[in-house]
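Visitor: Coordinates only, no sequence provided:
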């Protein structure tokens, strides 16, 4: 009874959307790097700045969580959402860092496939996150977005397997090691977005 009378803190939705806007910028920067042959140092620095901004937003949100008694959704779900989105930025920062500091001059063809999936996946996550404000009215749309995210993650798994298998067709062991690390980071980035989708689906269940 008392819980229903107390005010809820809706600023959390603002933090979710701010983080997703950061991640959309990250995926756009990475897509431009791969597709338009943007100078790696420019993209690396831009994504690094965005990743640090994501860290800052995440910390602010978690600080608010510690100070808030009544939250609009489950506390653990809030924590999982912001950390999942922050982890995505971390993985993309790590992948781009390696592209630049490993001296990669030619992108392997699977890199563009990854970049497109990452960007498309982020667009679906951003839409689902925005719809959380009206979860009762938009539950069907949110569920459809999450289903697409799962499909993108499966595609990323397939690309990763093919990409790593193709690496071992070369004799350059150093290049194999470099690209294997990069592809693994990109796969983890998509995996983090699927974890966010999983959390969103658990929120849907709790609010059904």
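Guide: Yes, it's here. Computed from a predicted model, the values in this text were never measured in an experiment. Residues are numbered from 1 along each chain as shown.
Visitor: contacts, neighbours, all on C-alpha from now
Guide: OK.
Visitor: Number of residues surrounding residue 178?
Guide: Neighbourhood size, residue 178 [other CA atoms under 10 Å]: 15.
Visitor: per-residue pLDDT, the residue nearest to it when sequence neighbours are not counted?
Guide: Once flanking residues are discounted, residue 178 sits nearest to residue 102: 7.0 Å by CA to CA, 6 or more residues apart in numbering. For residue 102, the pLDDT comes out at 91.
Visitor: so where does the residue most central in space within the chain fall, helix or strand?
Guide: The residue lying closest to the centre of the chain (CA atoms, centre = their mean) is residue 88, at 3.7 Å. Element membership for residue 88, per DSSP states H and E: helix 75-101.
Visitor: List the buried residues in that helix.
Guide: For helix 75-101, the neighbour count (16 or more other CA atoms under 10 Å) marks 75, 78, 80-100 as buried.
Visitor: where does the chain dip in pLDDT?
Guide: 1-8, 38 (pLDDT under 70).
Visitor: who does the longest helix along it touch, helix- and strand-wise?
Guide: Longest helix of the chain, by residue count under DSSP state H: helix 173-206. Other elements packing on helix 173-206 under the criterion 3 or more CA pairs under 8 Å, 6 or more residues apart in numbering; DSSP states H and E are helix 75-101, helix 109-131, helix 139-167.
Visitor: Quick one: those helices as JSON lines, columns for distance to residue 27 too.
Guide: Output for the helices and strands packed on helix 173-206, formatted as JSON lines (distance: least, CA to CA, whole Å):
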{"stretch": "helix 75-101", "distance to residue 27": "8"}
{"stretch": "helix 109-131", "distance to residue 27": "5"}
{"stretch": "helix 139-167", "distance to residue 27": "14"}
